[in-house]
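Visitor: okay, sequence plus prediction incoming.
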Amino acid sequence: MKFTPIQLEDNINVSKSHPLSELLWLVGGLILLVGLTFIVLGVTADWAVSKTPVKIETWMGKLALNQFPATESAALQQRLQPLLDQLPLDSPLRQYRFRIFLSETPEVNAIALPGGNIVVFSGLLQQVKSENELAMVLAHELGHFAHRDHMRSLGRGLGLAVATALLFGENNAASELASKALLSFQVRYSQAQESAADQFGLDLLTKRYGHAGGATDFFSRLAKDAGNKLPYILASHPHPQDRIEALQRHIKNQHYHLKKTLPLEEDLAEPQ
């Protein structure tokens, strides 16, 4: 008997959907999963931070400070104290013992470390031209402490790394794609933190001097060398021009006055 195979009309193993459509669904599903993961981790991290006492945070700050070649600066402490004196009596910042350090590093930056430690890089001091500008930078860092951004970022970063490894494994295409997607969420969150710290710094600067003069001067100087905004899509900080515009809107909305700034005194005019 001759065997004649039956011809199947459809191949059940072949999808009728276009491959590109399937790819879009897969990528969309992955982004949705990553987004939900980020939200859950964020809520969990925020809850954990709210339960973390300042004493534990201070211990963590000592460990973090060891990573920076910095020395305590009396001159910078003198600029920080008048800002601290402007804080309300019920401010959570009064739980901290703030110490400020100078690092002989050309990077134009300042960092808020857990526990009340602030590190200012000498490269930033070389860019600052007035006492008001420096006060704005320091007030901005105090804003991070007010919102406990350093702790929240630490919790989210650790959680994202663990979640990616558990969900997608390590060293594969899925985990790499998930990491990039998570990075985009983290960048948006980080930029929102910076904007909130800018606003806190502006309000505190105005309390300190009675006006908002110098609030945008430092960022204006940075904006000249920042170039276009495209690279800032994945940057932890907003583009300097965006920060300037946001500060100017807040100045206008709060009816803050702009007056002449004070020159930077000699003890900080050249990094010590």
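Guide: Arrived safely, thanks for sending.
Visitor: ranges for the strands of this protein?
Guide: Counting by DSSP state E, one finds strands in the chain at the ranges 70-72, 99-103, 110-113, 117-121.
Visitor: quick check: mean pLDDT across the first one?
Guide: Model confidence over strand 70-72, given as mean pLDDT, is 93.
Visitor: how about that strand: buried residues?
Guide: Neighbour counts over strand 70-72 (16 or more other CB atoms under 10 Å) mark Ala70 as buried. The C-beta positions use only the backbone N, C-alpha and C, and glycine is treated the same way.
Visitor: what does that strand rub up against?
Guide: Identification of contacts with strand 70-72 by CB atoms under 8 Å, 6 or more residues apart in numbering yields Arg99, Ile100, Phe101, Leu102, Ser103, Val119.
Visitor: chain center to that strand: distance?
Guide: In terms of CA atoms, centre = their mean, to the nearest Å, the centre of strand 70-72 is found 23 Å from the chain centre.
Visitor: grab the two from the contacts of strand 70-72 that are most spread out in space.
Guide: Arg99 and Ser103 (13.2 Å; CB to CB).
Visitor: intersection of neighbour lists for those two?
Guide: Counting by CB under 8 Å, 6+ apart, Arg99 and Ser103 have no contacts in common.
Visitor: who's in contact with Ala235?
Guide: If a contact means CB under 8 Å, 6+ apart, then Ala235 has Val187, Gln191 as its contacts.
Visitor: equivalent analysis for Phe218, please.
Guide: By CB under 8 Å, 6+ apart, the residues touching Phe218 are Gln127, Val128, Glu133, Met136, Val137.
Visitor: hang on, the earlier thing: most tightly surrounded among the strands of the chain?
Guide: Highest mean neighbour count among the strands of the chain (mean count of other CB atoms under 10 Å): strand 117-121, with a mean of 24.
Visitor: just checking, what packs against that one?
Guide: In terms of contacts (3 or more CB pairs under 8 Å, 6 or more residues apart in numbering; DSSP states H and E), strand 117-121 is packed against helix 54-65, strand 99-103, strand 110-113, helix 131-147.
Visitor: make CSV out of those and add mean pLDDT and distance to Val40.
Guide: Below are the helices and strands packed on strand 117-121 laid out as CSV (pLDDT from 0 to 100; distance: least, CB to CB, whole Å):
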stretch, mean pLDDT, distance to Val40
helix 54-65, 85, 23
strand 99-103, 95, 35
strand 110-113, 91, 26
helix 131-147, 96, 20
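Visitor: which one of the ones you listed lies closest to Pro88?
Guide: Closest among the helices and strands packed on strand 117-121, once you apply CB to CB, is helix 131-147, at 10.9 Å.
Visitor: next, the angle strand 99-103 makes with that closest one.
Guide: Calculated by axes from the mean of the first three to the mean of the last three CA atoms, to 10 degrees, helix 131-147 forms an angle of 120 degrees with strand 99-103.
Visitor: the residue nearest to the spatial centre of the chain and Thr52: what is the separation?
Guide: Geometric centre of the chain, nearest residue: Ser190, 3.7 Å, by CA atoms, centre = their mean. Counting by CB to CB, to the nearest Å, the separation of Ser190 from Thr52 is 20 Å.
Visitor: and for Leu247, the neighbour number?
Guide: Number of residues near Leu247 (other CB atoms under 10 Å) recorded here: 22.
Visitor: who's in contact with it?
Guide: Contacts of Leu247 (CB under 8 Å, 6+ apart): Asp198, Gln199, Leu202, Ala215, Thr216, Phe219.
Visitor: next, count neighbours for the fifth one.
Guide: Translated: Thr216. 23.
Visitor: need the contact list for it.
Guide: Contacts of Thr216 (CB under 8 Å, 6+ apart): Arg243, Ile244, Leu247, Gln248.
Visitor: what pLDDT does it get?
Guide: pLDDT, read off for Thr216, is 96.
Visitor: cool, Gln272 as well?
Guide: At Gln272, the pLDDT value in this model is 43.
Visitor: do the same with Leu177
Guide: pLDDT for Leu177: 58.
Visitor: repeat that for Leu160.
Guide: 66.
Visitor: quick one: low-confidence residue ranges for the stretch 151-272 of the chain.
Guide: 157-186, 234, 269-272 (pLDDT under 70).
Visitor: where do the helices sit along it?
Guide: For the stretch 151-272 of the chain, the helices defined by DSSP state H, counting those that start in this stretch cover 173-209, 217-226, 240-253, 266-269.
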